[in-house]
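[1] Sequence first, predicted coordinates after that:
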Amino acid sequence: MKVSFVAGYGPITPDSAASLKFWRDDLGLPMTEIAPDYWGTDDVPGVNAFAAWPLGEAAESCFGSKTWPEHITAPQAWLELDVETPEAVSVAAADLEAAGNELLKPPTTEPWGQTVARLLSPEGLLVGITYTPWMHPHEHGDHDGHDHGEHDHDPGEHDHDHEGHDHGEHANH
């Protein structure tokens, strides 16, 4: 089998109203009702990275420890929504908090250059609001294969050592 692309992704929700508020109202995804109480969109561009992110690495990213806190539901999946600038991450994080969401990680620029804030969705997905410079053609050309410095450090000094877009040089968490 050769997978061509990720055709769809979304949470399985026990509470459609809470999901709709989070995904459409708080995050601004252009969701419409597909069937009664079933909301979605085909208008969000593709997936630039796919990875099985170890829970310990996700915990280190959010909390600075390899152990996920027992009082917070451990996520079963992660999703990153990239925005147009590093500053837009902070604006989005403030808007999400103002809408009643709790950030697990405040906006932070990581050593490899990605700016990220993290929170859990109502379904328990670990959601990152990110600015990933190498995924913006105006920042680094059109994925020209140049090293953007992500691996010029000790892999133990940050929360992602399993990057792997097409050039195998960046992680997306």
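    Received, thanks.

[2] could you say what helices and strands whichever strand or helix holds Thr130 packs with?
    Take DSSP states H and E as the rule and Thr130 turns out to sit in strand 126-131. Judged by 3 or more CB pairs under 8 Å, 6 or more residues apart in numbering; DSSP states H and E, strand 126-131 is in contact with strand 78-82, helix 86-98, strand 115-120. The way it works is simple: take the backbone N, C-alpha and C, and place the C-beta from them, glycine included.

[3] Paired strands for that strand, with orientation please.
    Paired strands of strand 126-131, with direction, are strand 78-82 (parallel), strand 115-120 (antiparallel) (DSSP bridges).

[4] Pro133 versus Val83, what's the distance?
    12 Å (CB to CB, to the nearest Å).

[5] What are the contacting residues of the host helix or strand of Trp39?
    Per DSSP H and E: Trp39 is located in strand 38-40. Residues outside strand 38-40 that contact it (CB atoms under 8 Å, 6 or more residues apart in numbering): 10, 16, 19-20, 23-24, 31-34.

[6] Paired strands for it, with orientation please.
    With DSSP bridges as the test, strand 38-40 is paired with strand 32-35 (antiparallel).

[7] starting at the chain centroid, how far to the partner strand?
    Distance of strand 32-35 from the chain centroid (CA atoms, centre = their mean, to the nearest Å) equals 24 Å.

[8] Dump the C-alpha coordinates for it into CSV.
    Output of strand 32-35 as CSV, limited to C-alpha atoms (Å, rounded to 0.1, in the frame of the first residue of the first chain):
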residue,chain,number,x,y,z
THR,A,32,-20.6,23.3,8.4
GLU,A,33,-23.2,20.7,9.4
ILE,A,34,-22.7,17.6,7.2
ALA,A,35,-25.5,15.6,8.8
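
[9] isn't Phe5 right up against Gly46?
    Yes: Phe5 lies in contact with Gly46 (CB atoms under 8 Å); the separation is 6.3 Å.

[10] pLDDT on stretch 96-116, on average?
    When pLDDT is averaged along stretch 96-116, the result is 97.

[11] Next: stretch 36-50.
    For stretch 36-50, mean pLDDT rounds to 90.
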